[in-house]
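K.L.:
Fold the following for me, if possible:
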Amino acid sequence: MAFVLLPCDLPTWPAVQRHLNSLKGTTCPHHLTQVLYALHSLSNLSIDPEVSETVPEQAFAGVEQFLKTEADPEFFTKILPAMLDAALTLKDLKPPHGLTYSLQQQEEEMVLERRLVSSLLAHIFFCTLPRRSVVSHPTLSDPCLAPTLFSLHRESQRVKVRALLHYFKMVTHYPPSRASHFL
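P.N.:
You can find the predicted model right below:
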């Protein structure tokens with residue numbers, strides 16, 4: 001088993017929380033895009049100095065267009081608030097001894113609380129999970145959704161985002177007993 005570094009484990013966690021809280025009540029796609037860029041810039045750091053790269057703010061322009069043309073009408077009223085609530089509870093949901101992942105060739109079983117999984121999915125969307133690289137994690141891919149968000153001009157990438165947003169829509173529309181199917 002190896003330890004998974006989460007946003008709430010880093011000294012940038014208060015800044016991440018401030019950015020996420022700034023989205024509460026927003027109905028502006030441009031504001032969300034700016035915050036996504038700020039969160040990505042804050043979290044897109046690697047322990048490998050040669051891997052860190054800067055991303056232009058325009059890279060998230062597709063998100064704004066997607067929200068204006070394709071997002072569910074309830075995105076700003078129900079879906080985004082559910083995602084923010086899930087993301088902001090990460091520190092409280094994190095297992096007491098941290099989160100680990102199985103290493104290759106090691107048999108392991110892990111059960112995660114549904115709310116923790118929702119929180120992690122929200123952090124994937126908000127691009128706040130610490131960056132992984134081939135040097136630091138040779139067998140793991142980077143959990144950030146940024147490459148998908150940068151490519152929303154492609155239908156295959158829009159499908160991924162719609163699926164993630166649909167998950168959070170289902171979580172908000174069903175009472176806890178029925179929502180367990182979606183969490």
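K.L.:
quick one: buried residues of the top helix by length along the chain?
P.N.:
Ranked by residue count and defined by DSSP state H, the top helix of the chain is helix 155-173. Using 16 or more other Cβ atoms under 10 Å as the test for burial, helix 155-173 gives 157, 158, 161, 164, 165, 167, 168, 169, 170, 171, 172. The C-beta positions use only the backbone N, C-alpha and C, and glycine is treated the same way.
K.L.:
can you tell me which residues contact the third one?
P.N.:
This means residue 161. Taking Cβ atoms under 8 Å, 6 or more residues apart in numbering, we find residue 161 in contact with 66, 125, 145, 148, 149, 152.
K.L.:
nearest spatial neighbour of residue 4, skipping sequence neighbours?
P.N.:
Nearest residue to residue 4, sequence neighbours excluded (Cβ to Cβ, 6 or more residues apart in numbering): residue 99, at 4.3 Å.
K.L.:
didn't that neighbour look like it was pressed against residue 6?
P.N.:
Yes. Counting by Cβ atoms under 8 Å, residue 99 touches residue 6, with 6.3 Å between them.
K.L.:
picking that back up, need the contact list for the residue nearest to residue 4.
P.N.:
3, 4, 6, 116.
K.L.:
do the same with residue 87
P.N.:
Counted by Cβ under 8 Å, 6+ apart, residue 87 has contacts 20, 119, 122, 123, 126, 128.
K.L.:
and the first one, what helix or strand is that in?
P.N.:
Residue 20 belongs to helix 13-22 when elements are defined using DSSP states H and E.
K.L.:
Residue 100 belongs to a strand, doesn't it?
P.N.:
Yes. The assignment for residue 100 by DSSP: H, G, I helix; E, B strand; the rest coil puts it in a strand.
K.L.:
what's across from it in the sheet?
P.N.:
residue 3 (DSSP bridges).
K.L.:
Would you map the helices across the protein?
P.N.:
According to DSSP H, the chain carries its helices in the segments 13-22, 29-43, 61-69, 80-88, 90-93, 114-125, 146-150, 155-173, 176-179.
K.L.:
For residue 108, find the nearest of these.
P.N.:
Comparison of those against residue 108 by Cβ to Cβ identifies helix 114-125 as nearest, at 17.0 Å.
K.L.:
is it true that residue 121 touches residue 164?
P.N.:
Yes. Residue 121 lies in contact with residue 164 (Cβ under 8 Å); the separation is 6.6 Å.
K.L.:
so how many other residues sit close to residue 9?
P.N.:
For residue 9, the tally of surrounding residues (other Cβ atoms under 10 Å) stands at 16.
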